[in-house]
Structures are given as C-alpha cells and as structure tokens.
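Enquirer: sequence unknown, structure follows:
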C-alpha cells in the first residue's frame, strides 16, 4: 500500500510541476501563496488525525524554525517554482535529485554520516544523469551535453532549490527532537504563508489568478501531494518512501513530452532513470 501511495505522490508532484510551465508570467511568490494556502488546512487535518498538537516552549526550536528553516524553505520554494517556469520540465525535474549531492556533505558535517560504497555508486549515477538530459544529437560529447543543460535559464535555479532542499532536510531532522514531523510541517507552512502574504500585501500584488484552471490544478496537486506524502511516511520507512516518491522525475520527463511537446524523450528518460537509481542507492546504502 505504501508503494502505491508513493507512486501516486510522485504523479501529483509532477502534475503540479506541469502547471508551473503553463503559468510562466505569474510571480513565483503568488504561486507559492496558493500552494501554501491549500496545504495549511490539509496539514491541520493530518496533524489532528495522525499526530498530536504540540507547541514547544524551547527557544531553540523557535529560533531554528523562524531564523533558519523559514528563510531556507522560502528560498527553496521560490527557486523550485521559478526553475520550471523557465525551462523544459523533462530537464529541470530530474535535476532536483542533485539535492543528494548537497545532502551527503551536509549530513557528514552535521551528523557525521558517511555514505557506504553503495551510496558512493549512487552518487556517481546521479552525476551521470545530467549528461543524458543534455544529450541532443550527434556524438556522445560529455562537455557539450552538460553545456546544453547549463545554458537552460532554469538550471541554476533548480540547483539552488536542490541545495536549499538539502539544507531544509538537515535542519528539519534537528527540529524533530521537539515536535513530530507533521506538526513541524504545519508550523513551517504557516510561517511561509504569513511571510509571503505580508510580502505580497506590501507590494500590492494581485492574487487574482491569471489562469484559473491552471492555478486550481497546481494548488490541488500540491495539496493532494502533501496529504499523500505524510500518509505514505506512516506506511513505509522514510528512506523507502522517499525513494519511491523520486519516481516523480520519471513522470516529469513523461509530462514534458506529452503535455509540453518537449524533445529528446528517450535520452532524457535514460538520464532520469539513472538519477532515480542513484537516489535509491544512496538511500539504501
């Protein structure tokens, strides 16, 4: 059951990403405002059903939440949305798995964790993936393929998102000493929603959706994805579930081909499969 939930979660994540492509002119902050507005009541319901409400009095927890996790998550969510708005989904989606490369040194510095030989093999597989993502035609030239990926305007934004995602995971683990993961998710989402609301209010940014169907589809996909994520974590070990959820990069290539008519489907699928395999090896290694 947990595997099926993970696959469904991967699908909703990629489905959401496809809507970002259809909203290129909308502010990333506005799109994130909608995402978090939908996620809040869903998370509140999940906390009530699967966890317990708790407000820790430890100043350290609130310092980490508001002083560290909040700006990190804010940056991660902004760059994540902006990257899909600017480049092909079949390239940008798989690049998010590069967060593993940032997570390994962070885990070593913070927690003293070192990957096993299997984990290092996974890292190599993740590194090889972008070569196939950028392989377009002609010979197999490593430098040319990577240059093709790097020249995409969304690439550096996704790399930034992957880096901040790795930071977010590292600091979230520390916060779990004080509250359950679901409660932390609610607090950080509420903080993100408030900060983005204030920002948009000060800028007098209109929240009227430019494309109602696309905005609704994006918000619904994110909301369902949040629900599936935490339900899935209750059914499988975290490492197993996250590995299944990373199938989203496969769906990103599929959606890129059939929803946005993106080219080089076969080559990008090879790259996505390599990167998913690398994430699995790191998780189980």
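Expert: Looks like it came in fine. Predicted, not measured: the structure shown is a model, and the values here were computed from it.
Enquirer: Going by neighbour count, list what's buried in the helix or strand residue 224 falls within.
Expert: Residue 224 is located in helix 212-235, with elements delineated by DSSP states H and E. Neighbour counts using 16 or more other Cβ atoms under 10 Å place 214-215, 217-233 of helix 212-235 among the buried residues. Heads up, the C-betas are built off the backbone N, CA and C, glycines and all.
Enquirer: try stretch 174-192
Expert: Neighbour-count burial for stretch 174-192 [16+ other Cβ under 10 Å]: 175, 178-179, 181-189, 191-192.
Enquirer: Distance from the chain centre to it, please.
Expert: 17 Å (Cα atoms, centre = their mean, to the nearest Å).
Enquirer: what residues does it touch?
Expert: 32, 36, 39-40, 43-44, 46-47, 50-54, 56, 58, 60-61, 64-66, 69-70, 73-74, 77, 110, 172, 226, 230, 233 (Cβ atoms under 8 Å, 6 or more residues apart in numbering).
Enquirer: Can you flag the buried ones in these?
Expert: Buried among the contacts of stretch 174-192 by 16+ other Cβ under 10 Å: 32, 36, 39-40, 43, 46-47, 51, 56, 61, 64-65, 69-70, 73-74, 77, 172, 226, 230, 233.
Enquirer: Now, those residues that are in helices?
Expert: 32, 36, 39-40, 43, 46-47, 61, 64, 70, 73-74, 77, 172, 226, 230, 233 (DSSP state H).
Enquirer: quick revisit: report all helices and strands that the next helix or strand after the helix holding residue 224 contacts.
Expert: Counting by DSSP H and E, the next helix or strand C-terminal to helix 212-235 is helix 238-245. Under the contact definition 3 or more Cβ pairs under 8 Å, 6 or more residues apart in numbering; DSSP states H and E, helix 238-245 sits against helix 2-21, helix 212-235, helix 265-284.
Enquirer: I'd like the ones you listed laid out as JSON lines, including mean pLDDT.
Expert: Below are these laid out as JSON lines (pLDDT from 0 to 100):
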{"stretch": "helix 2-21", "mean pLDDT": "90"}
{"stretch": "helix 212-235", "mean pLDDT": "86"}
{"stretch": "helix 265-284", "mean pLDDT": "83"}
